[in-house]
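In: how would this look folded up:
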Amino acid sequence: MFSDRRIYPRKELEIDVEVMLLGDDIRLTTSSRNLSLSGIQISADKALVDHLLQQEQRPVHFDLCFDGHPDLSFHCRLVVNRRISHNDFLLGIKFMNNSLEHTKLIQQLLSTD
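Out: The predicted structure is shown next:
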């Protein structure tokens, strides 16, 4: 049986997100599966996963922006990399060092229907 390590409840939420490696100008767009105050689960293809895993730093850190909020990036850490099929993955991501502004945006996204 799997245990959910999130402190906060998840909400199913499909929203476009952009993933950016630190020090890299490449932005890769994908979508979320669910969201909580402490993290997010996103869909990823093999190209995105390969791009993330090219980092020498472990654990893998990167920035993430929500669609419609490109100026507010979230510093994140990859926690779970689960392969669904040859080209489909689910990534569990933890938010790191959120400000009050970050928390307000997440709460706003969680309160939408």
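In: counting contacts, what elements does the strand ranked longest in the chain pack onto?
Out: Criterion DSSP state E: the longest strand present in the chain is strand 69-83. If contacts are counted by 3 or more CB pairs under 8 Å, 6 or more residues apart in numbering; DSSP states H and E, strand 69-83 sits against strand 39-45, helix 46-53, strand 61-66, strand 88-96, helix 100-111. For the C-beta atoms, the positions are set from N, CA and C on the backbone; glycine is no exception.
In: so which of these is the most surrounded?
Out: Comparing those by mean neighbour count (mean count of other CB atoms under 10 Å), strand 39-45 comes out on top with a mean of 21.
In: where does this structure have low pLDDT?
Out: 1-6, 22-23, 113 (pLDDT under 70).
In: now with 50, please.
Out: In the predicted model of the chain, residues 1-2 satisfy pLDDT under 50.
In: contact partners for residue 16?
Out: The contact partners of residue 16, taken as CB atoms under 8 Å, 6 or more residues apart in numbering, are 29-32, 66-67.
In: now with 6 Å?
Out: Taking CB atoms under 6 Å, 6 or more residues apart in numbering, we find residue 16 in contact with 29, 31, 67.
In: now those as CSV including neighbour count?
Out: CSV is the format used below for these (neighbours: other CB atoms under 10 Å):
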residue, neighbour count
29, 11
31, 13
67, 12
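In: between those, which is closest to residue 80?
Out: The closest of the contacts of residue 16 to residue 80 turns out to be residue 31 (CB to CB; 16.7 Å).
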